[in-house]
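In: Structure of the sequence below:
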Amino acid sequence: MKTTNYLNKCFGAACLAFSLLALGMSSGFAREVAGVTLDESIQVEGRTLVLNGAGISSVNRNKVFVLAYYLPKLKTTQQELLASTGPIRVKLVMLKAVESELMSRRFLADIRTSTTKEERIQLVSQLMALGEGFAAVGEWRVGDIMTIDWLAGKGTTFHSNNKQIGESLKNDLTMQAIMRIWVGDTVNDMKLKRLLLGDKE
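Out: Below is the predicted model of the structure:
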């Protein structure tokens, strides 16, 4: 009887330890930023991408959206991140309602800042198509999600709440320009850049 009780206690303790371990492991599968839950890993075109970093994009101290970068492997420097062969996902989750026209103008203005004159000439048709796609969205509401996916040779695709925005933009420079908005040489928010490169708060 004593042996049975001892075994039962050991079994119970083992189950408790396993449960605590499982809980500890599961806590690593998501990260919260400004109340937004971000998966630590996702699937894009059959590939597993990991959360490289995430933070809040603000304009005039107003928190506009949570921003996250997903890559196949963690990158901790600007050069490594921009040299990634993909796939890559950039995810935005709105924290503030914004009119689509304002969102479009801001986005395109940021891309102009993140590119050279020569690059903008290459991207002129891409950016026009992007602006038209944004205009069709309407108001961006709190909680709305935009994903920007890039696959080498296939281009960059935008989705608003899982609905594709416009056509895929074939020039691979498009995604480079977008990523540079927040991790390039001309960024205004160095804290956000560090967070996207893997720093923690």
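
In: Now do the domain split for this structure, please.
Out: The chain is divided into the following domains under automatic domain parsing: 1-29, 34-196.

In: Could I get the full set of helices for this structure?
Out: All helices of the chain, identified by DSSP state H, fall at 2-26, 78-82, 100-114, 117-135, 173-183, 190-196.

In: follow-up on the earlier one: and the domains of the chain as CSV, adding mean neighbour count and mean pLDDT?
Out: Glycine gets a C-beta too; all of them are placed from N, C-alpha and C. CSV is the format used below for those (neighbours: other C-beta atoms under 10 Å; pLDDT from 0 to 100):
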stretch, mean neighbour count, mean pLDDT
domain 1-29, 9, 43
domain 34-196, 16, 94
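
In: what residues are up against the residue positioned nearest the centre of the chain?
Out: Compute the mean C-alpha point of the chain, and by C-alpha atoms, centre = their mean the closest residue is residue 68, 2.7 Å away. If you count contacts by C-beta atoms under 8 Å, 6 or more residues apart in numbering, residue 68 has them with 33, 38, 51-54, 90-91, 93, 196.

In: let's go with 7 Å and repeat that
Out: 38, 51, 54, 91 (C-beta atoms under 7 Å, 6 or more residues apart in numbering).

In: swap in residue 87?
Out: Residues counted as contacts of residue 87 (C-beta under 7 Å, 6+ apart) are 44-45, 47, 49, 72, 149-151.

In: What lies in contact with the top strand by length along the chain?
Out: What stands out as the longest strand in the chain, according to DSSP state E, is strand 47-59. If you take C-beta under 7 Å, 6+ apart as the criterion, strand 47-59 is touched by 31, 33-34, 38-42, 63-72, 74-75, 81, 87, 89, 191-192, 195-199.

In: now do stretch 176-185
Out: By C-beta under 7 Å, 6+ apart, stretch 176-185 touches 67, 78, 81-82, 90, 110-111, 114-115, 119, 123, 148, 192-193, 196-197.

In: just stretch 129-138 next, same as before
Out: Taking C-beta under 7 Å, 6+ apart as the rule, stretch 129-138 contacts 100-101, 103-104, 107-108, 158, 160, 165-167, 169.

In: can you do 8 Å?
Out: Contacts of stretch 129-138 (C-beta under 8 Å, 6+ apart): 100-101, 103-104, 107-108, 158, 160, 165-167, 169, 174.

In: that older thread, run the angle between the longest strand of the chain and helix 173-183 for me.
Out: Using axes from the mean of the first three to the mean of the last three C-alpha atoms, to 10 degrees, the direction of strand 47-59 lies 50 degrees away from that of helix 173-183.

In: List the contacts of residue 142.
Out: Residue 142 touches 94-97, counting by C-beta under 8 Å, 6+ apart.

In: let's see it at 10 Å
Out: Counting by C-beta atoms under 10 Å, 6 or more residues apart in numbering, residue 142 touches 65, 93-98.
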